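Participant: test case, fold it:
(chains A, B, C and D)
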There are 2 protein chains.
Amino acid sequence: MPMPQTETPGRLQAELMSRGLRMTHQRRTILSVVETAQQHLDASQILKRARKLDPNIDRVTVYRTLGLLKRHGLVDELDLMHLQGEKHFYERRPQRDHIHMACLRCGKIAEFESALFDRLKGQIQRECEFRIVVTRLEIGGYCKHCRPSSAS
Amino acid sequence: MPMPQTETPGRLQAELMSRGLRMTHQRRTILSVVETAQQHLDASQILKRARKLDPNIDRVTVYRTLGLLKRHGLVDELDLMHLQGEKHFYERRPQRDHIHMACLRCGKIAEFESALFDRLKGQIQRECEFRIVVTRLEIGGYCKHCRPSSAS
DNA sequence: GTTGTAATTGCAACTAAGTATCAAAAACGT
DNA sequence: ACGTTTTTGATACTTAGTTGCAATTACAAC
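Facilitator: Here you go, the predicted structure:
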């Protein structure tokens, strides 16, 4: 998951506050976990990390905060092709949508941005008269290290 | 969900048998439910319909059969943006991939095929050296009937 | 058709992910 | 500092899906 050094720390906090939401200690903690994550985390991983910073945080609060972030379009929810059970993973919504590719053999997740994807979204908005709010393009297959021609 | 009249009934059955799998009465029943579905069904809807044909079918068998169909690439699993809980929906894999658009207000699901999408997949296979097995592009937003400029 | 074996099923118990309720606690405008 | 409103944590619950295993069934070989 890209984690550019230029990313403003605390941006999620600022966004939520500007929307008039109360900034509690728990929310700040959970947001900082999400913001500083180097990989895609699921709810229980987020809880575990949040508890290192504030041991009293409840998992319900994690679910509620993730729901809040989703509703405000600040994080995206991913399945990552359900390679590891039915978990959902979360990432800050990037400035430009990207595609997630999950290797069915080694489990590695790759990301990819594409002008064709942007054009496809434009086509959908125009031709289907559909106002896009959120997109999720996940692809399962074999990465270059896992695709001998014999790949099953 | 498109259900062309030209679709061969029993095609899923034939596919599974040609792969050397045993064709049990339960599997035949579940496959016929999936094949004749006019909408996207979730596991419990599939169970309910299968039980109308064979009241003794167990939900475990439904899950197992869906897993089998997924592994063989004969059905695709969809979230439909989780508009109705955490269910998964299933559809026969179409000949050409399509995009699912879920209206966040009225819940309607639309489908869309696009040459740009096909090109995007080609780009990914080439530039990322990634052999695509399955794709899932889901879009949440507002359909033309639900997008007054005031849509929240 | 019968037989033998391996795959499949149904049952029951289980896990895992997420949600609802509600009293107690905390945020934050005044 | 006060008071209202929001948020939290605890508990209990729901829903989706899985596991283990004995009983049953498919189907290939005869």
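
Participant: outside of the helix or strand bottoming out on mean pLDDT in chain A, which residues touch it?
Facilitator: Counting by mean pLDDT, DSSP states H and E, chain A has its least confident helix or strand at helix A:11-18, which shows a mean of 84. Defining contact as C-beta atoms under 8 Å, 6 or more residues apart in numbering or on different chains, one finds that helix A:11-18 is touched by A:8, A:23, A:27-28, A:31-32, A:34-35, A:68-69, A:72, A:74-75, A:92. Glycine gets a C-beta too; all of them are placed from N, C-alpha and C.

Participant: what about 6 Å?
Facilitator: With C-beta atoms under 6 Å, 6 or more residues apart in numbering or on different chains as the contact definition, helix A:11-18 has outside contacts at A:23, A:31, A:35, A:74.

Participant: likewise stretch A:119-127?
Facilitator: A:130, A:132, B:116-117, B:120.

Participant: do stretch A:60-77 as well
Facilitator: With C-beta under 6 Å, 6+ apart, stretch A:60-77 has contacts from A:12, A:15, A:26-27, A:30, A:43, A:46-47, A:88, A:90-93.

Participant: what about the closest residue to DNA strand D within chain A, how many residues close to it?
Facilitator: Sorted by distance to DNA strand D under C-beta to the nearest atom of the strand, the residues of chain A start with A:T61, at 3.2 Å. Using other C-beta atoms under 10 Å in any protein chain shown, A:T61 has 18 neighbouring residues.

Participant: how much space between it and DNA strand C?
Facilitator: In this view, A:T61 and DNA strand C are 10 Å apart by C-beta to the nearest atom of the strand, to the nearest Å.

Participant: what's the answer for A:L104, then?
Facilitator: A:L104 is 19 Å from DNA strand C, by C-beta to the nearest atom of the strand.

Participant: on the three-state scheme, the nearest residue to that residue once chain neighbours are set aside is what?
Facilitator: Excluding its sequence neighbours, the residue lying closest to A:L104 (C-beta to C-beta, 6 or more residues apart in numbering or on different chains) is A:G140, at 5.3 Å. Secondary structure, DSSP: H, G, I helix; E, B strand; the rest coil: A:G140 is strand.

Participant: tell me the contacts of A:G140?
Facilitator: A:G140 touches A:81, A:102, A:104, B:133-134, counting by C-beta under 6 Å, 6+ apart.

Participant: recalculate using a threshold of 10 Å.
Facilitator: A:79-83, A:100-104, B:130, B:132-136 (C-beta atoms under 10 Å, 6 or more residues apart in numbering or on different chains).

Participant: disregarding residues adjacent in the polypeptide, which is nearest to A:S44?
Facilitator: Nearest to A:S44 is A:R59, by C-beta to C-beta, 6+ apart, at 7.3 Å.

Participant: phi, psi for that neighbour please.
Facilitator: Dihedral angles of A:R59 (phi, psi; degrees, to the nearest 10) stand at phi -60, psi -30.

Participant: for A:I99, report the pLDDT, please.
Facilitator: A:I99 is assigned a pLDDT of 98 by the prediction.
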